[in-house]
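# Sequence first, predicted coordinates after that:
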Amino acid sequence: MKTAEIDIFITPTEVADLLKVTVQGLYKQLKEQGITTVRENGRHKIYPHEMRKLLEVKNLTIPREIVALHIVKGGVGKTTLVHGLGARSSAFGLKTLLIDLDQQANLTTSFGVYSHSRLFAHNSF
């Protein structure tokens with residue numbers, strides 16, 4: 001199985017909006033807690049593991065939620081919606097599990113996971 005690298009992150013502006021502080025105030029809090037940002041192409045990025053540290057320091061808990069999506073009609077944006085929700089929740093530091101039960105596995109491939117063998121499609125157990 002081959003995987004492509006996906007860059008999931010959140011910007012300091014988005015975190016500041018979430019915490020209802022200024023961006024400068026956020027940078028001060030990040031520095032005090034030893035939480036790092038990465039600067040690439042002129043943009044600061046906060047990766048999920050660092051965001052998770054900030055949530056823990058702020059004692060912010062987010063209740064567990066299960067979201068199930070089942071629509072039989074094709075072409076209505078199910079995969080796009082689930083991909084966006086999963087990527088954003090992960091970027092905010094939340095532990096996220098997405099299960100792709102679609103036969104075409106478009107959600108799986110949208111995250112850069114490619115399988116060259118159809119092991120489960122051709123074998124009977």
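Received, thanks.

# all strands of this protein, in order?
With DSSP state E as the criterion, the chain has strands at 2-3, 38-40, 43-45, 113-114.

# buried ones in stretch 72-89?
78-79, 82-83, 86-87, 89 (16 or more other C-beta atoms under 10 Å). All C-beta spots, glycine's among them, are computed from the backbone N, C-alpha and C.

# Just the ones of those residues in helices?
Counting by DSSP state H, those place 78-79, 82-83, 86-87, 89 in helices.

# among the strands of the chain, which is the most enclosed?
strand 43-45 (a mean of 16; mean count of other C-beta atoms under 10 Å).

# Against which helices or strands is it packed?
strand 38-40 (3 or more C-beta pairs under 8 Å, 6 or more residues apart in numbering; DSSP states H and E).

# hmm, back to that, relative to Thr37, which of the ones in helices among the buried residues of stretch 72-89 is nearest.
Ala87 (18.8 Å; C-beta to C-beta).

# Kindly provide the distance from the closest one to Lys58.
As for Ala87, its distance to Lys58 is 22 Å (criterion: C-beta to C-beta, to the nearest Å).

# can you check His44 too?
From His44 over to Lys58 (counting by C-beta to C-beta), the distance is 19 Å.

# Next, format the buried residues of stretch 72-89 as JSON lines and append distance to His49.
Shown next, in JSON lines, are the buried residues of stretch 72-89 (distance: C-beta to C-beta, whole Å):
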{"residue": "Lys78", "distance to His49": "29"}
{"residue": "Thr79", "distance to His49": "26"}
{"residue": "Val82", "distance to His49": "23"}
{"residue": "His83", "distance to His49": "21"}
{"residue": "Gly86", "distance to His49": "17"}
{"residue": "Ala87", "distance to His49": "15"}
{"residue": "Ser89", "distance to His49": "14"}
